[in-house]
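In: how would this look folded up:
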Amino acid sequence: MDTKLPARIGAGAFVAVALTMTVLQLREEPKVSPTETITVSKADDDPLPEMLRLCSELGQLAETTNECRQAWAENRRRFLAPGARPKERFPQAHPVNDNSGQPSGSQPVAMPTKSGGQ
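Out: Presented below is the predicted three-dimensional model:
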């Protein structure tokens, strides 16, 4: 018996089953995932973020506006104020100044010397 004919019938059956499964999969309605609810609460009525947003929308015109200059100054004051950033995120480093030119904590390196009288 010739083996080509059963192989062709098997391949055709495989393609038919694959197409049928694809069509059935496409006919199913997509499952609706539950929507996530996000609630935003305002702890305080701080107008600074809104003012900074408005100034950023103005572009170059904001440089000449006194309100924007004041908002930027207040933002800098808050950001650069002592205690504004947590200390655990920015630990104090104590560099050692030994004036040797070597990184701190490293052993001195002996430099090779030229020898021989040429």
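In: ranges for the helices of this protein?
Out: For the chain, helices defined by DSSP state H occupy the ranges 4-27, 48-58, 66-80.
In: Please tabulate the ones you listed in TSV, including the columns mean pLDDT.
Out: Below are the helices of the chain laid out as TSV (pLDDT from 0 to 100):
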stretch	mean pLDDT
helix 4-27	93
helix 48-58	90
helix 66-80	91
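In: so which of those gets nearest E36?
Out: With Cβ to Cβ as the measure, helix 48-58 is the member of the helices of the chain nearest E36 (23.8 Å). No exception for glycine: its C-beta is placed from N, CA and C like everyone else's.
In: Check which helices and strands that closest one sits against.
Out: helix 66-80 (3 or more Cβ pairs under 8 Å, 6 or more residues apart in numbering; DSSP states H and E).
In: residues making contact with the helix it packs on?
Out: 48, 51-52, 54-55, 58, 62-63, 84 (Cβ atoms under 8 Å, 6 or more residues apart in numbering).
In: Just the buried subset of those residues, please.
Out: 51-52, 55, 62 (16 or more other Cβ atoms under 10 Å).
In: how about JSON lines for those residues, with distance to L5 added?
Out: Shown next, in JSON lines, are the buried ones among the contacts of helix 66-80 (distance: Cβ to Cβ, whole Å):
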{"residue": "M51", "distance to L5": "80"}
{"residue": "L52", "distance to L5": "77"}
{"residue": "C55", "distance to L5": "79"}
{"residue": "A62", "distance to L5": "80"}
